[in-house]
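Visitor: for reference, the sequence and a predicted model appear below.
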Amino acid sequence: MSDEIYAGFSRVDITPRLDDPPTFEIFDPIFFRALHLRQGSRQVTYLAADLFALDEGLLAQGSNCW
């Protein structure tokens, strides 16, 4: 196994537009982040979102960052 560790990071702004219901006010941008680590054949991906809950539409947006 190789001792080298490879890392990749991505951040996508998923803040809804003001004309997307039920959005009525935006205070801060909302981000979806991914960190991918690989060492030899072992790999792991960590996902984080600035959200309380995810729906199918937001998950689809997050999957486009790959």
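Guide: That came through fine. What you see is a predicted model; the values in this text were computed from it and never measured. Numbers count the residues shown, from 1 in each chain.
Visitor: tell me which stretches of the chain form helices.
Guide: Ranges of helices within the chain are 56-63, based on DSSP state H.
Visitor: low-confidence ranges in it?
Guide: Applying pLDDT under 70 to the chain flags the ranges 1-2, 23, 52-54, 58, 62-66.
Visitor: which residue ranges of this structure form strands?
Guide: Remark: strands assigned in the chain by DSSP state E are 6-13, 31-39, 42-49.
Visitor: deepest in the core, which of these is it.
Guide: strand 31-39 (a mean of 16; mean count of other CB atoms under 10 Å). Bear in mind the C-beta positions are built from the backbone N, C-alpha and C, glycine included.
Visitor: just want the angle from it to strand 6-13.
Guide: Counting by axes from the mean of the first three to the mean of the last three CA atoms, to 10 degrees, strand 31-39 lies at 170 degrees to strand 6-13.
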